[in-house]
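>>> the sequence and its predicted three-dimensional model are supplied below.
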Amino acid sequence: MIELATDIPRQLTARINQLALDADRPVPLSADQKSLLKAQIKQLLVKHNAQLVAHYYVDADLQALAEETGGVVADSLEMANFGAQSAADLLVVCGVRFMGETAKLLSPEKTVLMPDLQATCSLDVGCPADEFAQFCAQYPDHKVVVYANTSVEVKALADWVVTSGNALQIVRHLKAQGDKIIWAPDQHLGHWIEQETGVEMIRWMGHCIVHDEFKAFELEQLKQRYPDAKVLVHPESAAAVVALADVVGSTKVLINAVQSLPDQQFIVATDQGIFYKMQQLAPHKQLIVAPTDSKAKQCISCANCPWMGMNSLTNLAAVLTYFDNQDASTKNHEIILDESKRQQALVALNRMLAFSREHGLVVKR
């Protein structure tokens, strides 16, 4: 029988939802305003030997700018790996806070800035390190496996850090060794891993507010409207949604599916930010947003992470300007890690990186 961690307290869930609703959305810009900001950003990136790295879920303008300036658009681990391999002195991370922390973990000698340090993640907020430490203490004979979407303090408590791209292989490896496992924080990803590996894990019951809102009832109706469409689902979605998928996997797996499969229509159950890269690689294919509405017609994210949406050309230009002017405001955008926590977290992260390099699952450092 699978044991489950106590569900996230209602007050914490309410706080997560309120944070999402309160997240500052960028003001729309005109084409001329965008052009001026991009020119300013490019100039400052060159001046300070800076590298721009962006996640698949941020605004398309930021993804395009990262590519135009020699940076990268990727998932969180590839972003950090790219930064670590770069000769840049300054890394600017467009994403959410744990991604900036991961970049700093692997590049402690570099300055790491973010457009908005308040850009968080419901999985991160929903797994407070102090509460998780108390939970882990109840199971001292278990290996602690945490998803990359967690704070550096939570990673410091872990034996392994994993991504959605390598979690299956690492859990199978632990199963072969006879290890018992605590999993955190995403309950749906954990359940999918259990189903795929046959491993019973003690799961922390967190969730991603974007992927948790895709609904099987509405997805079934949409499949009837588009019977030829392949359904692509990220495993952070609920089991009923995953069960309707033709392809289940990480952002990279879903992007590769659109590019490589012969089908012309795809229903995509992940953040809409991914459409930029999908459309870039498969411009003639039709991408359809999976429904997030419940029968009550309500949603918090509506397939757009509100915290990813806090990254914009405006605040990206601002943080680079602060840095250029040696303004004290730069500190409000810089990732600073406690060195002891960084070293502890690095143990679990390096263990995952070594395993992934050995099995061809990650870019070499």
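Great, that's in hand.
>>> need the strands for the stretch 1-150 of the chain, in chain order.
Assigned by DSSP state E, counting those that start in this stretch, the strands in the stretch 1-150 of the chain fall at 4-7, 50-55, 72-74, 90-94, 111-113, 142-147.
>>> quick check: closest non-adjacent residue to Glu236.
Nearest non-adjacent residue to Glu236, counting by CB to CB, 6 or more residues apart in numbering: His211, 3.7 Å away. For every residue, glycine as well, the C-beta is placed using N, CA and C.
>>> what's the spacing between that neighbour and Leu37?
31 Å (CB to CB, to the nearest Å).
>>> same question for Leu168.
Leu168 sits 41 Å away from Leu37, going by CB to CB.
>>> report the angle between the helix or strand hosting Gln259 and strand 50-55.
Using DSSP states H and E, Gln259 maps to helix 251-260. Relative orientation of helix 251-260 versus strand 50-55 (axes from the mean of the first three to the mean of the last three CA atoms, to 10 degrees): 80 degrees.
>>> how about residues contacting helix 251-260?
If you take CB atoms under 8 Å, 6 or more residues apart in numbering as the criterion, helix 251-260 is touched by 56-57, 74-75, 78, 164-165, 230, 232, 234, 247, 249, 266, 268, 270, 274, 277-278, 281-282, 285, 287.
>>> for the nearest residue to Leu44 once chain neighbours are set aside, helix, strand, or coil?
Nearest residue to Leu44, sequence neighbours excluded (CB to CB, 6+ apart): Leu320, at 4.1 Å. Each residue gets one of three states, and Leu320 gets helix by DSSP: H, G, I helix; E, B strand; the rest coil.
>>> could you show me where the helices are in the stretch 51-200 of the chain, in order?
60-68, 76-85, 97-106, 122-125, 129-136, 152-155, 167-176, 187-197 (DSSP state H, counting those that start in this stretch).
>>> do the stretch 251-365 of the chain as well
Residue ranges of the helices in the stretch 251-365 of the chain, as given by DSSP H, counting those that start in this stretch, are 251-260, 275-281, 313-324, 339-358.
>>> and Gln134, which of these is closest to it?
Nearest to Gln134, of all the helices of the stretch 251-365 of the chain, is helix 339-358, at 17.2 Å by CB to CB.
>>> contacting residues around Leu29?
So Leu29 contacts 37, 313-314 (CB under 8 Å, 6+ apart).
>>> so who does Tyr322 touch?
Shown in contact with Tyr322 (CB under 8 Å, 6+ apart): 329-330, 333.
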